[in-house]
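Asks: kindly return the folded structure for what I paste below:
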Amino acid sequence: MEVYEKIGENLNSIVKIKNYQVAPLYPKGKPGTNDKSVREFRLQLINKDNDTSKELIDHLKMQLRKDTSLESVAFNSISPNSSKFPSYSFTFDGLKFDIIIARGANAGEKFEVRTVKTLDNYFKTRTDNETSEVVTMMSESHAPFANAEIVGAVQRTGATKKEGIPIDKLGAIIGDIILTDNQGNPWYISLKDINGNTFSSYSGAASLFDREGNLQPNSAGATFLKTFGVDLNKVQAGFDERGSINKVRPKLAVPRANAREIEKIFNRAWGMNYFYVRRMRTGWKVFWLGKTKLDKLSQNIKIDDIRYPSTKSKQITILCSNTVEDYVIELRNSKAGEYPNDTKFKVKK
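Replies: All right, here's what the predicted structure looks like:
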């Protein structure tokens, strides 16, 4: 722990000149999020409205590489312990470190923070016309909300994993914003900006292939794809083509799409008991996601097209729809790797 403390102190002295600091919650770092064999330090912006990450990357490169006590200094465009941020890794005194360079809030996060402040202010002053429009649409979509006296709004914090949570409780996990009424009851809002067409993630994609690029037909990822009638032979063939792999593969049965299981998947992807609020190019899309709406969104989904990996793309894409929504399901690698590790559900409109 003395080494970790010293590393944290040294990092702070190096990065403060570039508007960065070691995350105050973990001044001595913590075990790697994904790779437990390394000590992870997360660098955060001090002034979050001034993104100096590019300057810091150059600055750290120079500082770390001139330190002769550090070995195997390497820049990672995506950290092995983060889904979106770069890092520097090195070895010191036989211990491995991963220094993650977090960036400023993205457009969606800034929109969320701004909206929370606007909502909280609105319920105290009732003076914002655009917010009034959204609140009116929320009241019209769910009568009990119209009768609630809202006293405040805050950003939700905490766990985002849906596994093991009953569907009727998922609003508390999915919601980005919590409104509280004068009876102490919470009302959850899932907030989306104009480009916020992703409404859910799904686990299991990382299990689809082993490290040698062999598809695992009984994995959670394969089970998910088979539910939608995906031909796993074409998935394997696409990645083999991309990697110039010449191997005789076992012939796998091609399943039919399973409508009942697809409905279950979409029920969990959407969840229920929250407001869906999305800014559109003109106006807002607002609805209460209760049981009636969930049934409309999840039932009678048909598969329109399946796009397989090829030399041009490493993504598996499932296009499907019902009379209410057109959907895109994407299995891709969010860390710039080859094989899928992430599943995203999107609406097309």
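Asks: tell me the helix or strand right after the lowest-mean-pLDDT helix or strand in the chain.
Replies: Ranking every helix and strand in the chain by mean pLDDT, DSSP states H and E puts helix 107-125 at the bottom, with a mean of 75. Next helix or strand after helix 107-125 toward the C-terminus (DSSP states H and E): helix 129-141.
Asks: report the backbone C-alpha coordinates of that following helix in CSV.
Replies: Taking Å, rounded to 0.1, in the frame of the first residue of the first chain, the C-alpha atoms of helix 129-141 are listed here in CSV:
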residue,chain,number,x,y,z
ASN,A,129,-41.9,26.6,-20.8
GLU,A,130,-40.0,23.7,-22.4
THR,A,131,-39.9,21.8,-19.1
SER,A,132,-43.6,22.5,-18.6
GLU,A,133,-44.3,20.9,-22.0
VAL,A,134,-42.4,17.7,-21.0
VAL,A,135,-44.0,17.5,-17.6
THR,A,136,-47.5,17.9,-19.2
MET,A,137,-46.7,15.1,-21.6
MET,A,138,-45.6,12.9,-18.6
SER,A,139,-48.9,13.7,-16.8
GLU,A,140,-50.9,12.9,-19.9
SER,A,141,-49.2,9.5,-20.3
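Asks: what residues sit buried inside that helix?
Replies: For helix 129-141, a neighbour-count test (16 or more other Cβ atoms under 10 Å) marks 131, 134-135, 137-139, 141 as buried. For glycine as for every other residue, the C-beta is placed from the backbone atoms N, C-alpha and C.
Asks: next one: stretch 157-175
Replies: 162, 165, 167, 170-175.
Asks: so what touches it?
Replies: Contacts with stretch 157-175, where a contact means Cβ atoms under 8 Å, 6 or more residues apart in numbering, come from 156, 186, 188-190, 200, 203, 267-268, 271-274, 289, 294.
Asks: just the buried subset of those, please.
Replies: Buried among these (16+ other Cβ under 10 Å): 156, 188-190, 200, 267-268, 271-274, 289, 294.
Asks: now, those that are in strands?
Replies: 188-190, 200, 274, 289 (DSSP state E).
Asks: residue 44 and residue 19 touch, don't they?
Replies: No - with contact defined as Cβ atoms under 8 Å, residue 44 does not reach residue 19; the gap is 9.8 Å.
Asks: show the pLDDT at residue 104.
Replies: For residue 104, the model assigns a pLDDT of 65.
Asks: so where's the stretch 101-250 of the chain uncertain?
Replies: The stretch 101-250 of the chain contains residues with pLDDT under 70 at 104-112, 126.
Asks: residue boundaries of the helices in it?
Replies: 107-125, 129-141, 143-146, 171-174, 220-227, 232-242 (DSSP state H, counting those that start in this stretch).
Asks: figure out the helix or strand that residue 91 lives in.
Replies: strand 87-92.
Asks: which strands border that strand, and is each parallel or antiparallel?
Replies: Next to strand 87-92 in the sheet, as set by DSSP bridges, lie strand 70-76 (antiparallel), strand 95-101 (antiparallel).
Asks: quick one on the thing from earlier: turn the ones in strands among the buried ones among the contacts of stretch 157-175 into JSON lines, columns for distance to residue 118.
Replies: Output for those, formatted as JSON lines (distance: Cβ to Cβ, whole Å):
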{"residue": "188", "distance to residue 118": "17"}
{"residue": "189", "distance to residue 118": "12"}
{"residue": "190", "distance to residue 118": "17"}
{"residue": "200", "distance to residue 118": "25"}
{"residue": "274", "distance to residue 118": "19"}
{"residue": "289", "distance to residue 118": "22"}
